[in-house]
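**Student:** sequence and computational prediction follow.
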Amino acid sequence: MSPVPDPAAVPPPPPLTEVESHGVDRIPDAERTATPFDLFRLAFGGANTFSTCVLGAFPILFGLSFRQGLAATLLGVVAGALILCPMAVFGPVNGTNNAVSSSAHLGVHGRVVGSFLSLLTAVAFFSISVWSSGDALVGGAHRLFGLHRGNVSYALAYALFAGLVLIVCVYGFRFMLFVNKIAVTSASALFLLGAIAFAGDFDPSYAGVFTDRADEATQSLFWPSFIGAALIVLSNPVSFGAFLGDWSRYIPASTPRRKVVGAAFLSQIATLLPFLFGLATASIIANKAPEYVDPAAPDFVGGLLAISPSWFFLPVCLLALIGGLSTGTTALYGTGLDFSSVFPRLSRVQATVLIGVLSITFIFVGRFGLDIVQSISTFATMIITCTTPWMVVMILGYYTRRGWYDPEALQVFNRRQRGGRYWFAHGWNWRGTTAWWVSAVVGVLFTNIPGQFVGPLGELANGVDIGLPLSLAVAAVLFLTLLRLFPEPRAVYGPEGARLARTVDVPVPPITGPGAPGNEASLSDPSTTLRA
């Protein structure tokens, strides 16, 4: 554990307008001044948005009553928060992002799995955020100012969101933290204002379609609908798994782990605010404007505007702007950071701009060219099904290693080096990678998203989507079994030894390449270092 720096020797934090210089290199102790509350704000702010409201409406779209939808929402949020929160510890321990930390469990080269998954996750959820917030902004402006709802209006709204997000992400962590400080308070206040706006129309006794009068065929769909709704809700907290380290790496290593884990857990429990707003307003829409919750062509944003009092149109626009900016920054920042770690020749800023341009292109083509806005929810669900087993390997790996890591060995890939504690077999730890890909394949095979994607084995559980829970179980059992049957080198476990795993004494290959000890090139040589 790194010593606590002398407060008198710690330089003042850089100004907000100074572009962040760090990539995925280990954050120096003197610059790690963030707190668990900062982590809470970033994680909560990234989900306290309109896109989360849309996810909160899914239990109603699936035909559940308000009370059934409330139970599914609580189950999804709490379960997702419990899965997510351990992923916050890697940042303070290693001072880098979670994809780089995964080198310890998937190998120096195997860590690209995490980078690839986080890239896809960020693009998907960034797109959902821009689309939902842009639609709300244009719809609100139409009702408030008579703005024409044509492609030009939507294109300008999307470009506004995407441009603002890209600017914030280029400046980096501290500017993003400043934006989220404002966004968390503002968006929460607007959601509470919305509770006042819709209080008179809300009826908690909304019955849904699974009533005593429903026929047998409808009744048989209850559990598939309930589990499906809970899994969609759960996908929101789980989507942050690859990104928590991007923010928690600025927290000092001496910070108690329980505070870091607690901040990550509570940040997702707090998202019940936008989730319940979406659930409650969807039940009102189902009563007053049911055409907007038709499962064949749902339009939550349009329905919300249809039932809103006129004085709430402006708050809807503000909520769309603030929420879209907050969610977009948390997604895109991590994407640029991760991309720069996969291609070390790109700086963090260059990678952020490149991924930002590609994401914006995807948003426009998907919205106006290919009409894939609805199917993006399926895309996001599939990504989460593949990402969650990776998180299980990371969490169990942390437990078996007793939280001990070699920060220098984690940076081998980024420095274009070879060897070290986490080199394993040519840079791959086949135990972790095998547990990941097998469980991910199992999850996809058993996925059942009615009307969009049903895996080859998706009907074996009577229509219930068991892909994600099954992939979690397979990842845990398979990874621990492989660690017992095929022991890892003793050197990767640190001074206290292994927990729940066997070890074998084998020599650690020396680190070679740019900057390695004994190499003529050194890390002080700008031509050989990982650029920021």
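**Tutor:** Thanks, I have it.
**Student:** what bits of the stretch 51-200 of the chain have low per-residue confidence?
**Tutor:** Along the stretch 51-200 of the chain, the model assigns pLDDT under 70 to residues 172-173.
**Student:** buried sites along the top helix by length along the chain?
**Tutor:** Longest helix in the chain by number of residues, with DSSP state H as the criterion: helix 112-145. Residues of helix 112-145 classed as buried by neighbour count (16 or more other Cβ atoms under 10 Å): 112-141, 143-144. Yep, even glycine has a C-beta here, placed from its N, CA and C like the rest.
**Student:** swap in stretch 486-496?
**Tutor:** 487-489, 491-493.
**Student:** now secondary structure, distance to Ser471 and pLDDT too, for the residues you listed, in CSV please.
**Tutor:** CSV is the format used below for the buried residues of stretch 486-496 (DSSP: H, G, I helix; E, B strand; the rest coil; distance: Cβ to Cβ, whole Å; pLDDT from 0 to 100):
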residue, secondary structure, distance to Ser471, pLDDT
Pro487, coil, 25, 96
Glu488, strand, 23, 96
Pro489, strand, 28, 95
Ala491, helix, 30, 94
Val492, helix, 25, 95
Tyr493, helix, 27, 95
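**Student:** what segments of the chain are strands?
**Tutor:** 448-449, 453-454, 488-489, 503-504 (DSSP state E).
**Student:** do you know which of the ones you listed lies nearest Pro28?
**Tutor:** Closest to Pro28 of the strands of the chain is strand 488-489 (Cβ to Cβ; 28.9 Å).
**Student:** now do that closest one: distance to the chain's middle.
**Tutor:** Its chain's C-alpha centre and that of strand 488-489 lie 31 Å apart, by Cα atoms, centre = their mean, to the nearest Å.
**Student:** can you list the strands that it pairs with?
**Tutor:** When sheet partners are counted by DSSP bridges, strand 488-489 sits next to strand 503-504 (parallel).
**Student:** and the partner strand, average pLDDT?
**Tutor:** Mean pLDDT, computed over strand 503-504, is 95.
**Student:** returning to that earlier point: so which of the buried residues of stretch 486-496 is the closest to Thr503?
**Tutor:** Of the buried residues of stretch 486-496, the one sitting nearest to Thr503 (Cβ to Cβ) turns out to be Pro487, at 5.1 Å.
**Student:** the closest one and Trp437, how far apart?
**Tutor:** Separation of Pro487 from Trp437 (Cβ to Cβ, to the nearest Å): 21 Å.
**Student:** and of the buried residues of stretch 486-496, the nearest to Phe446?
**Tutor:** Nearest to Phe446 among those, with distances taken as Cβ to Cβ, is Glu488, at 29.5 Å.
**Student:** roughly how far apart are the closest one and Asp201?
**Tutor:** In terms of Cβ to Cβ, Glu488 sits 59 Å off from Asp201.
**Student:** what's the longest helix of the chain packed up against?
**Tutor:** Secondary-structure packing of helix 112-145 (3 or more Cβ pairs under 8 Å, 6 or more residues apart in numbering; DSSP states H and E): helix 50-56, helix 98-101, helix 151-171, helix 300-307, helix 313-342, helix 348-364, helix 376-400.
**Student:** lowest average pLDDT across those?
**Tutor:** helix 313-342 (a mean of 75).
**Student:** could you check the angle helix 300-307 makes with it?
**Tutor:** Angle, helix 313-342 to helix 300-307, by axes from the mean of the first three to the mean of the last three Cα atoms, to 10 degrees: 160 degrees.
**Student:** give me the angle between helix 313-342 and helix 112-145.
**Tutor:** Using the same axes, to 10 degrees: helix 313-342 against helix 112-145 is 160 degrees.
**Student:** in helix 313-342, what counts as buried?
**Tutor:** Applying 16+ other Cβ under 10 Å to helix 313-342 flags 313, 315-342 as buried.
**Student:** show me what contacts the residue lying closest to Ala99 once chain neighbours are set aside?
**Tutor:** In space, and not counting its chain neighbours, Ala99 is closest to Gly114: 3.7 Å by Cβ to Cβ, 6 or more residues apart in numbering. When contacts are counted by Cβ atoms under 8 Å, 6 or more residues apart in numbering, Gly114 touches 98-99, 102, 106, 242, 338, 390, 394.
**Student:** returning to that earlier point: export the strands of the chain as a markdown table, with columns for distance to Tyr292.
**Tutor:** Shown next, in a markdown table, are those (distance: least, Cβ to Cβ, whole Å):
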| stretch | distance to Tyr292 |
| --- | --- |
| strand 448-449 | 21 |
| strand 453-454 | 24 |
| strand 488-489 | 54 |
| strand 503-504 | 59 |
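**Student:** is it possible to get the contacts of Gly114 out as TSV so that each row also shows distance to Ser283?
**Tutor:** What follows is these, written out as TSV (distance: Cβ to Cβ, whole Å):
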residue	distance to Ser283
Asn98	37
Ala99	39
Ser102	41
Leu106	43
Ala242	33
Asp338	38
Trp390	35
Met394	38
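**Student:** from those, which is closest to Leu358?
**Tutor:** Asp338 (13.5 Å).
**Student:** so the residue most central in space within the chain versus Phe175, what's the distance?
**Tutor:** In the chain, the centroid-proximal residue (Cα atoms, centre = their mean) is Phe240; its distance is 2.3 Å. According to Cβ to Cβ, Phe240 and Phe175 sit 20 Å apart.
**Student:** same thing with Leu396?
**Tutor:** 35 Å.
**Student:** go ahead and confirm Ala380 touches Phe125.
**Tutor:** Yes. At 6.4 Å, Ala380 counts as touching Phe125 under the criterion of Cβ atoms under 8 Å.
**Student:** name the residues contacting each of those two.
**Tutor:** Ser239.
**Student:** how close does the residue nearest to the centre of the chain sit to Pro92?
**Tutor:** Taking Cβ to Cβ, one finds Phe240 at 16 Å from Pro92.
**Student:** again with Leu55
**Tutor:** 29 Å.
**Student:** wait, what's in contact with Leu75?
**Tutor:** Counted by Cβ under 8 Å, 6+ apart, Leu75 has contacts 230, 233-234.
**Student:** try 10 Å
**Tutor:** Residues in contact with Leu75 (Cβ atoms under 10 Å, 6 or more residues apart in numbering) are 226-227, 229-231, 233-234.
**Student:** if you compare the helices and strands packed on helix 112-145, which one is most tucked away?
**Tutor:** Ranked by mean neighbour count, these are led by helix 98-101 with a mean of 29 (mean count of other Cβ atoms under 10 Å).
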